[in-house]
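Enquirer: Sharing a sequence plus its predicted fold:
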Amino acid sequence: MTRTEAGTTAGSWRVGVIGDPVAHSLSPALQQPGLDALGIPARYALWPTPATELPHRVAGLREPDVLGANVTLPHKLAVMALLDEVSPLAERAGAVNTIINRHGRLLGDNTDIAGFAAAVREVCPDPAGRHALVLGAGGAARAVALALDELRVAGITVLNRNADRASRLATGLSPVAIGAGALDETTLRRLLPQTTMLINATALGWHAGETPLPLDLLALLPDDALVVDLTYRETDLLIAARGRRLATLDGLPMLVHQGARALALWTGQGAPLAVMRAAAAAARAARERVG
């Protein structure tokens, strides 16, 4: 018997997303339909949480009617010290994005890694021969690098405007073999001709006119390159890549897959992936119409 089958009444479970801000999050739009499809009496909520309130918020997750929580920026690192246990994968990633309440004991995990790997496999079933170039050196880039290692790509290089930060990421994920360097035009011109998977893991892309690299440099990519942007919207980078007839992938499939993994961890049941995917796509489309 799963935890969600034992002794519950309608509407008795709580779960949500912790962050600051969280109003923009699509997580409720995909998690609530997933819970409903499984027949689980739970409500998924937005839990805006300033840093000063994080310990109190996490302590509240120990209540018997709480399944757990998703965690988004800026708390993915800070939350780790407030938990009873952190999975080895989350330790390596240096970030927790999912908390599971196990009878008052809090377990932290990272589903971004599996989410990115699953999303890539959908559009690139055999990524093993790819040479990946990751732009950015934050938490998202760490998760991507670990996922790329799981996908057994042929090579991984991380570039950041602060080259030292890229080097620290590469060193911190040892023994995974990762190259590192400065995100500048000279380095890009040298590496892009051999890059068959380009991933934007920077924050640049949420707004029109933002790009992590000059778009004319996309002409240097091989014709079979895959361009990935973790932002779950139509970014200038993806539009330009498709203009070159390159394969593209935005961040929505990763969001869905990581969310499905979190739902399975909370409930002990397989997540209804198709339901969650359709709900997330509809929510994004509605947001774009309003925007």
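Expert: Ah, there it is. Residues are numbered from 1 along each chain as shown.

Enquirer: okay, CA-based contacts and neighbour counts for the rest of this
Expert: OK.

Enquirer: Now find how far off-centre stretch 283-291 is within its chain.
Expert: Using CA atoms, centre = their mean, to the nearest Å, the mean C-alpha position of stretch 283-291 is found 20 Å from that of the whole chain.

Enquirer: ditto for stretch 70-89
Expert: 14 Å.

Enquirer: cool, and stretch 83-96?
Expert: That offset, for stretch 83-96, works out to 15 Å (CA atoms, centre = their mean).

Enquirer: Buried residues, it. List them.
Expert: 83, 86, 89-91, 93-96 (16 or more other CA atoms under 10 Å).

Enquirer: Pull the residues that contact it.
Expert: 71, 76-77, 79-80, 105-110, 139, 142-143, 146, 173 (CA atoms under 8 Å, 6 or more residues apart in numbering).

Enquirer: which other residues reach the lengthiest helix in the chain?
Expert: Using DSSP state H to define each element, the chain has its longest helix at helix 273-290. For helix 273-290, the surrounding residues in contact (CA under 8 Å, 6+ apart) are 26, 29-31, 33-34, 37, 233, 252-253, 256-257, 260.

Enquirer: among those residues, which one has the lowest pLDDT?
Expert: For these, the least confident position by pLDDT is residue 233, scoring 86.

Enquirer: Confirm that that residue sits in a helix.
Expert: No: secondary structure of residue 233 (DSSP: H, G, I helix; E, B strand; the rest coil): coil, not part of a helix.

Enquirer: what about the residue nearest to it when sequence neighbours are not counted, distance to residue 175?
Expert: In this structure, residue 233 finds its nearest non-sequential neighbour in residue 250, 6.8 Å apart by CA to CA, 6 or more residues apart in numbering. Here residue 250 is placed at a distance of 29 Å from residue 175 (CA to CA, to the nearest Å).

Enquirer: how about the strands in the stretch 151-291 of the chain?
Expert: Along the stretch 151-291 of the chain, the segments classed as strands by DSSP state E, counting those that start in this stretch run 155-160, 179-182, 197-200, 226-229, 247-249.
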